[in-house]
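A.B. asks: Model the following, please.
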Amino acid sequence: MKKSVANSSQSASELISERIAELGDWRGKTLARMRKLIKQADPDVVEEWKWMGTPVWSHDGITCTGETYKGKVKLTFAKGRHWRMRGDCLIRVWMGGCGGRLILGRGRRLMRGSLWGW
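C.D. replies: The predicted structure follows:
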């Protein structure tokens, strides 16, 4: 898979969509699902494209990054922020001194409550 290269005419949202399409497998589907849940949880979240092609979601600072690797999709949450599940929607929770990661491998599903408890 080639990495999406940012150019001045593409928005971060377009680059993230391009990355999802480039992946073309379970990783793209997983990243798309996480993106949808993040946007549901925080309609004011801003999508950014940083660090040589890493999708980033921010609201008053970085909330999380969405990285894809050969065998996993990893969301890394900034210290002081994380999310938890309620029904089928992620809810933003502010907790000082916390941070964490959600790592999803092939065939693993995000289960209700998976993001609670860092």
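A.B. asks: which stretches of this structure form strands?
C.D. replies: 46-50, 54-58, 62-68, 72-77, 81-86, 89-94, 100-105 (DSSP state E).
A.B. asks: ok, of the ones you listed, where does mean pLDDT dip lowest?
C.D. replies: Here the lowest mean pLDDT among those goes to strand 89-94, at a mean of 51.
A.B. asks: Give the bridge partners for the nearest residue to Cys64 once chain neighbours are set aside, please.
C.D. replies: Closest residue to Cys64 apart from its sequence neighbours, by C-beta to C-beta, 6 or more residues apart in numbering: Phe77 at 4.6 Å. For glycine as for every other residue, the C-beta is placed from the backbone atoms N, C-alpha and C. Counting by DSSP bridges, Phe77 forms beta bridges with Cys64, Gly100.
A.B. asks: Look at Ile62 and say how many residues are nearby.
C.D. replies: By the criterion of other C-beta atoms under 10 Å, Ile62 has 17 neighbours.
A.B. asks: pretty sure the residue nearest to Cys64 contacts Gly66?
C.D. replies: No. If you go by C-beta atoms under 8 Å, Phe77 and Gly66 don't touch, sitting 10.7 Å apart.
A.B. asks: So these two - more neighbours on which side?
C.D. replies: Gly66 (23 against 20).
A.B. asks: quick one, what contacts the more buried one?
C.D. replies: Contacts for Gly66 were tallied using C-beta atoms under 8 Å, 6 or more residues apart in numbering; they are 16, 31, 34-35, 54-57, 73-75.
A.B. asks: Check the gap between Phe77 and Asp42 for me.
C.D. replies: Distance, Phe77 to Asp42, using C-beta to C-beta, to the nearest Å: 13 Å.
A.B. asks: so what sits against both of those two?
C.D. replies: Both Phe77 and Asp42 are contacted by Thr63, under the criterion C-beta under 8 Å, 6+ apart.
A.B. asks: Buried residues in the helix ranked longest in the chain, which are they?
C.D. replies: Using DSSP state H, we find that the single longest helix of the chain is helix 26-41. Residues of helix 26-41 classed as buried: 27-28, 30-32, 34-35, 37-38, 41 (neighbour count, 16 or more other C-beta atoms under 10 Å).
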